[in-house]
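generate a structure from the sequence data that follows.
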Amino acid sequence: PFEGDAVYREAVGRAPNLHLGRDGAIAPWLLRARALVQHGSTTAVEAALARVPALSAAWLPSWARLEAVEAASVPCADLESLLARLDRALAEPPPAGPPAAAVPFIEEWFSRVDGRAHERVAGELLAAAGEGAGPNLRTCRRLHYRRHDAAPGSAHRAAGALRRVAGLPRGFSFRRFRELAPRPGWERSAKAFDAAAVGRWTGAAAAARGEGAAPRVRLAREAGAYRVPFGAGRSVEVTHG
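This next block holds a predicted model:
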């Protein structure tokens, strides 16, 4: 749950076969699950992508009805039917694909699960940008860095000009240079990963696809990818071919 978990912990504490966790993303949990029980949550769409039945407690009142969620869910009229569907999910093999009703929403929102969504998004943007007279790059840059909002001679104007000339993001803060040392404890957190871990994952994926050579993996700062000497950066660069 994303809200306070005191009520959940009190309920779960009385059941030895329940576990309450708020660590990490939902995807690893879904990929290890046989079924999802939810109520009006877009996690149902993610479950459909993972070929996990998303059971909906339809007898509970809802603040709103989300069409995409309903299309990806298996509605259960009462607790007995939900338990029966859970038994079926545990006994039967996973679905061959998402529910047919959810396919139009998946194609419109998420498209295929192939890791190339960024290419499709970029293609749409480039196609839209090619229509008409074309963008005014000077105006775009001026508006992006909000040069017109800062008073002449102000520190904000100077910082904005420096970001623009250096090609830094508009929200870049120069104060980050004061914290170049890695924060302690991150390496032991659930979100920690390094180039070696990414190399194992991409190598396994390449082997599963029958590709000859595994991608090259290294820290982005070691590859010279940073425009500023951010020594604590943990971004990973993956190179194919």
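
isn't Pro95 right up against Arg51?
Yes - with contact defined as CB atoms under 8 Å, Pro95 reaches Arg51; the gap is 5.2 Å. All C-beta atoms are positioned from the backbone trio N, CA, C, and that covers glycine.

list the contacts for the residue nearest to Glu67 when sequence neighbours are not counted?
On the basis of CB to CB, 6 or more residues apart in numbering, the spatially nearest residue to Glu67 that is not a chain neighbour turns out to be Phe105, at 7.5 Å. Taking CB atoms under 8 Å, 6 or more residues apart in numbering as the contact definition, Phe105 lies against 45, 67-68, 71-72.

same check on Val198?
Contacts for Val198 (CB under 8 Å, 6+ apart) come out as 217, 236, 238.

phi, psi of the nearest residue to the last one once chain neighbours are set aside?
Spelled out, it's Val238. If you skip the residues right next to it in sequence, Val238 has Pro215 as its closest partner in space, 5.0 Å away by CB to CB, 6+ apart. The phi and psi torsions at Pro215 (degrees, to the nearest 10) take the values phi -60, psi 150.

re the thing from before, which ChimeraX command selects the buried ones in the contacts of Phe105?
Selecting in ChimeraX just the buried members of those, where the criterion is 16 or more other CB atoms under 10 Å, is done with this command:
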select :45,68,71,72
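
so which two of the contacts of Phe105 are the farthest from each other?
Every pair in the contacts of Phe105 was compared (CB to CB); the two farthest apart turn out to be Val45 and Glu67, at 10.8 Å.

now the strands: where do they sit in this structure?
According to DSSP state E, the chain carries its strands in the segments 36-38, 54-57, 74-76, 216-219, 236-239.

mind putting those into a markdown table with mean pLDDT, distance to Gly115 and mean neighbour count?
Supplementary listing: the strands of the chain in a markdown table, determined by pLDDT from 0 to 100; distance: least, CB to CB, whole Å; neighbours: other CB atoms under 10 Å:
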| stretch | mean pLDDT | distance to Gly115 | mean neighbour count |
| --- | --- | --- | --- |
| strand 36-38 | 94 | 23 | 19 |
| strand 54-57 | 94 | 23 | 23 |
| strand 74-76 | 93 | 28 | 17 |
| strand 216-219 | 87 | 16 | 16 |
| strand 236-239 | 86 | 11 | 15 |
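
tell me which of those approaches Leu143 most closely.
Among the strands of the chain, strand 236-239 comes nearest to Leu143, with 30.9 Å by CB to CB.

so what are the sheet partners of the closest one and their directions?
Strand 236-239 sits in its sheet next to strand 216-219 (antiparallel), going by DSSP bridges.

what residues does the partner strand touch?
Applying CB under 8 Å, 6+ apart, the external contacts of strand 216-219 come out as 194-196, 198-199, 202, 233-240.

ditto for stretch 80-93
34-35, 37, 53, 55, 57, 74, 76.

of those residues, just say which sits nearest to Ala101.
Relative to Ala101, the closest of these is Val74; by CB to CB it sits at 10.6 Å.

need the contact list for that closest one.
Listed by CB under 8 Å, 6+ apart, the contact set of Val74 reads 53-56, 85, 99.

then Gly203?
Contacts were defined as CB under 8 Å, 6+ apart; by that measure Gly203 touches 214-215.

look up how far Ala77 lies from it.
47 Å (CB to CB, to the nearest Å).

same question, Ser235
Relative to Ala77, Ser235 is positioned 48 Å away (criterion: CB to CB).
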